[in-house]
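Undergrad: have a look; sequence and predicted model below, questions after that.
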Amino acid sequence: MEAGYGFVRFGEYMKIQESRTKSQVEAKNPESSLPAEGLPKAEAKNQVRVQGAELSAQEDTTHHSSLITHHSSLVILRHDVDRLPENSLRTAKIEHDLGIRGSYYFRIVQESFDEEVIKKIAALGHEVGYHYEDVDLAARLIQGKRQSAAPPPDVGAMADKEGKSERVKSQDPGTGSLKKEEENLNSSLITLRSSLYQTALQLFEQHLTKLRALVPVETICMHGSPRSKYDNKSLWEHYDYRDYGIIGEPYFDVDFTEVLYLTDTGRRWDGMKVSVRDKISEDSRYKNQEPSNIERREVRDERREMRNEKRAKRNERREVRSEREYLNADTKYIFRSTDDIIRAAEQGRLPEQIMITIHPQRWTDEPVAWMKELVWQNVKNQVKRVLVKW
């Protein structure tokens with residue numbers, strides 16, 4: 001990266017944005033900086049008591065203030081610890097040796113949640129957050145209880161039956177029994193949905209408390225759960241994570257029209273087509289990040305020409321690729337490999353604000369582990385490609 005970039009934890013980024021917003025407001029209205037009588041509600045909620053310790057929203061003020069002063073360009077470095085937490089610890093040590101600090105989001109499941117690893121990563125100066133998936137976990141819990149007690153069908157099945165009832169009713173509007181059945185189904189559907197999110201919130205509270213017993217936690221980040229029909233972010237359509245002392249969730253609190261989002265989901269940097277939920281909506285995507293169909297065809301034709309040239313000019317392979325494959329990359333920001341991103345950084349073609357999300361279990365220099373991840377992820381990508389289209 002250029003010297004002008006500062007690597008920040010997501011919690012720091014949220015505080016930087018808050019500081020910038022406050023400065024802008026004060027510049028426009030100096031009187032707004034005067035203290036008000038009493039303690040404002042928002043300020044009171046910044047003081048969060050966790051396991052007998054108070055976490056102040058102004059923690060580490062000196063560090064993130066220096067970032068504002070010395071770096072106009074920022075990289076929010078995020079790590080989703082889906083599994084193999086030891087890989088995350090090795091990554092955290094490398095970053096620490098380089099003077100880089102990032103955010104590590106741990107799931108509550110056994111393949112991710114390792115207490116010793118969590119504490120060691122926090123001790124290296126990195127931020128630890130909760131990689132929540134509580135809607136999916138609640139759905140599994142409720143489904144398990146239903147199966148053991150033989151209760152009504154699940155929400156999805158009831159929704160299907162509800163639709164079928166509506167169609168039958170339209171064919172025979174005079175059937176009173178169908179109308180009563182429809183009312184019962186609607187009532188049960190509402191009850192089940194309410195029960196799902198209430199259970200999910202209870203799980204979220206329990207899991208957040210468990211993580212906070214080890215380290216301070218100020219930010220959270222959704223786990224995609226691609227095999228689940230539930231989007232874990234939907235929990236916040238019913239509740240507010242700020243009520244739990246959480247200052248940020250990337251999918252809600254980052255303006256991705258201003259921040260370029262790069263993720264290695266699918267074991268590739270251009271894996272939008274194989275990402276079920278770890279992605280941003282098209283209207284929220286960074287300026288010109290997604291090319292048009294015509295541009296796609298032009299790129300494919302250009303790459304075909306490149307391959308022909310490479311066969312004839314092997315010694316000029318890197319030069320040809322640099323000249324052709326990255327045509328207009330400064331406005332498209334489409335990267336296939338890590339080398340692509342490095343070259344764009346060296347050439348000064350990256351925007352001022354970037355969020356980079358990596359899954360440390362995918363990164364290794366051990367040949368067997370590397371090949372295993374390659375094969376397994378390619379299989380998963382084929383399944384996810386179908387899920388995305390479906």
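TA: Yes, it's here.

Undergrad: check which helices and strands the lengthiest strand in the chain sits against.
TA: The longest strand of the chain (DSSP state E) is strand 73-81. Judged by 3 or more CB pairs under 8 Å, 6 or more residues apart in numbering; DSSP states H and E, the packing partners of strand 73-81 are strand 5-8, helix 10-28, helix 85-97, strand 103-106, strand 353-358. All C-beta atoms are positioned from the backbone trio N, CA, C, and that covers glycine.

Undergrad: CA-only coordinates of that strand in CSV, if you can.
TA: The C-alpha trace of strand 73-81 is given here as CSV (Å, rounded to 0.1, in the frame of the first residue of the first chain):
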residue,chain,number,x,y,z
SER,A,73,-6.7,7.2,3.0
LEU,A,74,-7.9,4.3,5.1
VAL,A,75,-8.1,0.6,4.7
ILE,A,76,-10.6,-1.1,7.1
LEU,A,77,-9.0,-4.6,7.6
ARG,A,78,-11.6,-7.2,8.5
HIS,A,79,-11.1,-10.9,9.1
ASP,A,80,-14.1,-13.3,9.3
VAL,A,81,-12.9,-16.3,11.4
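
Undergrad: how about it: buried residues?
TA: 74-81 (16 or more other CB atoms under 10 Å).

Undergrad: got the angle between that strand and strand 353-358?
TA: 20 degrees (axes from the mean of the first three to the mean of the last three CA atoms, to 10 degrees).

Undergrad: adjacent strands (with direction) for strand 73-81?
TA: Its sheet considered, strand 73-81 pairs with strand 5-8 (parallel), strand 103-106 (parallel), strand 353-358 (parallel) by DSSP bridges.

Undergrad: most packed of the ones you listed?
TA: strand 103-106 (a mean of 28; mean count of other CB atoms under 10 Å).

Undergrad: report the rounded mean pLDDT for that strand.
TA: Average pLDDT, strand 103-106: 98.

Undergrad: contacts for that strand, please.
TA: Around strand 103-106, the neighbours that count as contacts under CB atoms under 8 Å, 6 or more residues apart in numbering are 9-11, 76-81, 85, 88, 92, 112-114, 118, 121, 126-131, 211, 219-221, 223.

Undergrad: let's go with 6 Å and repeat that
TA: 9-10, 78-81, 88, 112-113, 118, 121, 126-129, 131, 221 (CB atoms under 6 Å, 6 or more residues apart in numbering).

Undergrad: between helix 85-97 and the helix or strand just after that strand, find me the angle.
TA: For strand 103-106, the following helix or strand on the C-terminal side (DSSP states H and E) is helix 115-123. Helix 115-123 and helix 85-97 are oriented at 20 degrees to each other (the same axes, to 10 degrees).

Undergrad: what helices or strands is helix 115-123 leaning on?
TA: helix 85-97 (3 or more CB pairs under 6 Å, 6 or more residues apart in numbering; DSSP states H and E).

Undergrad: out of the buried residues of strand 73-81, show me where the pLDDT dips lowest.
TA: Scoring these by pLDDT puts Leu74 last, at 92.

Undergrad: that one against Glu352, yeah?
TA: No - applying CB atoms under 6 Å, one finds Leu74 not in contact with Glu352, separated by 7.3 Å.

Undergrad: show me where the chain has helices.
TA: 10-28, 41-45, 61-70, 85-97, 115-123, 134-149, 155-171, 176-212, 250-253, 293-312, 317-324, 329-332, 338-346, 367-389 (DSSP state H).

Undergrad: least reliable of the ones you listed going by mean pLDDT?
TA: Minimum mean pLDDT among these: helix 41-45, a mean of 41.

Undergrad: wait, which of the helices and strands packed on strand 73-81 is closest to Gly144?
TA: strand 103-106 (23.8 Å; CB to CB).

Undergrad: and the residue nearest to Arg268 when sequence neighbours are not counted, how far from Leu235?
TA: Closest residue to Arg268 apart from its sequence neighbours, by CB to CB, 6 or more residues apart in numbering: Arg336 at 6.6 Å. Using CB to CB, to the nearest Å, Arg336 is found at 34 Å from Leu235.

Undergrad: the more surrounded of the two?
TA: More crowded of Arg336 and Leu235, by other CB atoms under 10 Å: Leu235, with 22 against 12.

Undergrad: let me see the contact set for the more buried one.
TA: Applying CB under 6 Å, 6+ apart, we find Leu235 in contact with 135, 200.

Undergrad: and the contacts of the longest strand of the chain?
TA: Contacts of strand 73-81 (CB under 6 Å, 6+ apart): 4-8, 10, 13, 88, 102-106, 112, 131, 352-360.

Undergrad: okay, the angle between that strand and helix 10-28?
TA: 150 degrees.

Undergrad: find the nearest non-adjacent residue to Ser195, please.
TA: Ile142 is the one closest to Ser195 (CB to CB, 6+ apart), at 6.6 Å.

Undergrad: if you could redo that for Leu89, that was the one I meant.
TA: Closest to Leu89 by CB to CB, 6+ apart is Val117, at 4.9 Å.

Undergrad: the one you found and Arg9: what is the separation?
TA: 17 Å.

Undergrad: and the two? Which one has more around it.
TA: Neighbour count, other CB under 10 Å: between Val117 and Arg9, Arg9 has more, with 25 against 21.

Undergrad: tell me the phi and psi of that one?
TA: phi -80, psi 150 (degrees, to the nearest 10).

Undergrad: buried sites along stretch 231-244?
TA: 231-233, 235-236, 241, 244.

Undergrad: let me know the closest of these to His207.
TA: Tyr244 (11.0 Å).

Undergrad: excluding sequence neighbours, find me the nearest residue to that closest one.
TA: Nearest to Tyr244 is Leu208, by CB to CB, 6+ apart, at 6.2 Å.

Undergrad: distance-wise, check that neighbour relative to Phe335.
TA: Taken as CB to CB, the span from Leu208 to Phe335 is 34 Å.

Undergrad: and those two? Which one has more around it.
TA: Between Leu208 and Phe335, counting by other CB under 10 Å, Leu208 is the more crowded of the two (22 against 19).
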